[in-house]
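J.: could you work out the structure for the sequence below:
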Amino acid sequence: MRIMVNVTFFTLAAYSDTGAFKHLYFMIVMCLYMLILCSNLLLIVVICVNRSLHEPMYMFLCSLFVNELYGSTGLFPLLLLQILSDIHTVSASACFLQIFSVYTYACVEFLNLAVMSYDRYLAICHPLQYNTRMTANKVVVLIAVTWLFPFLMIAVLISLSAPLQLCGNVINRVYCGNYGIVKLACSDTTLNNIYGLVYTVISIIIPLLLILYTYVKILRVCFSGCKQTRQKAVSTCTPHLASLLNFSFGVCFQIYQSRFDMSSVPHMLDILLSLYFLTCQPLFTPLLYGLKMSKIRIICKRLLCGDV
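T.: Residues are numbered from 1 along each chain as shown. All right, here's what the predicted structure looks like:
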């Protein structure tokens with residue numbers, strides 16, 4: 001029989017005693033966090049201060065970089081604190097705040113990638129109508145929806161999880177997850193599970209289907225078009241596809257990891273893979289777009305080298 005407890009804090013049980021290595025781990029994670037902050041901030045500044053980059057594609061990119069900063073900040077400060085701590089606990093309010101941050105980050109990322117694929121679809125498949133169909137007002141609306149809709153969805157998710165009566169406070173992860181809290185519940189979680197399924201479909205499945213549809217259309221134009229059209233499609237779509245595949249892998253593994261037994265996986269590998277979509281994507285995205293997109297690469301080089 002499970003006994004209900006009054007939970008004011010959660011214990012993150014995935015941390016192991018690192019002993020003398022904890023300061024080394026702290027420095028590695030801190031350097032990674034600083035690299036993520038600097039690379040994303042650099043590209044946000046480059047896009048904002050250069051009027052030549054005030055185009056829809058770069059505005060969506062700027063939104064993506066802001067989201068990378070938001071998501072990594074939802075993870076790293078608490079992660080750094082836990083690495084140095086001997087007692088790996090987090091207050092209930094801080095835990096739900098981290099869940100809100102991490103889940104909205106993931107939802108915004110998928111929606112932002114879907115909007116970017118729609119933008120590329122219009123640019124490649126309807127180039128003559130692009131300026132009339134992708135207006136400044138439409139860009140603002142798409143970015144606003146990309147951010148506000150996930151905030152609303154996750155607010156509902158948290159409002160369903162927070163009142164649950166819990167029979168424990170141990171989460172077997174290095175950061176807080178909503179499903180980890182739902183598994184601790186003594187009360188009925190049917191509504192939580194149904195809404196969790198709806199959230200997954202809306203935030204992951206539908207954006208992926210939209211991206212698949214746009215790329216089918218883009219590929220048709222590429223195969224039937226001239227060499228110049230194919231080169232344009234490859235140069236603008238390759239970074240987007242690479243970013244999408246990288247993030248999708250991390251999220252799919254995180255979903256699998258939270259719902260199935262991972263005891264056969266080495267503990268350190270389990271931790272690294274659980275952090276993949278929150279660490280590699282914020283680092284991978286600015287490097288990928290900064291290197292692959294010539295306009296951004298040239299302006300970054302001028303900015304860093306001090307050239308006018």
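
J.: okay, helices next: where are they in this structure?
T.: Here the chain has its helices, by DSSP state H, at 22-49, 56-84, 92-125, 130-133, 136-161, 178-182, 190-200, 206-224, 227-259, 267-274, 276-292, 294-305.

J.: could you dump those helices to JSON lines with mean neighbour count?
T.: Placement of C-beta: from N, CA and C, glycine included. Output for the helices of the chain, formatted as JSON lines (neighbours: other CB atoms under 10 Å):
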{"stretch": "helix 22-49", "mean neighbour count": "16"}
{"stretch": "helix 56-84", "mean neighbour count": "20"}
{"stretch": "helix 92-125", "mean neighbour count": "22"}
{"stretch": "helix 130-133", "mean neighbour count": "12"}
{"stretch": "helix 136-161", "mean neighbour count": "16"}
{"stretch": "helix 178-182", "mean neighbour count": "21"}
{"stretch": "helix 190-200", "mean neighbour count": "13"}
{"stretch": "helix 206-224", "mean neighbour count": "15"}
{"stretch": "helix 227-259", "mean neighbour count": "16"}
{"stretch": "helix 267-274", "mean neighbour count": "14"}
{"stretch": "helix 276-292", "mean neighbour count": "20"}
{"stretch": "helix 294-305", "mean neighbour count": "14"}
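
J.: ok, which of those comes nearest residue 16?
T.: helix 267-274 (6.6 Å; CB to CB).

J.: could you give the angle of the closest one to helix 227-259?
T.: 130 degrees (axes from the mean of the first three to the mean of the last three CA atoms, to 10 degrees).

J.: can you give me the mean pLDDT across helix 267-274?
T.: Throughout helix 267-274, pLDDT has a mean value of 78.

J.: in terms of mean pLDDT, which of the helices of the chain ranks lowest?
T.: Among those, helix 294-305 scores lowest, at a mean of 70.
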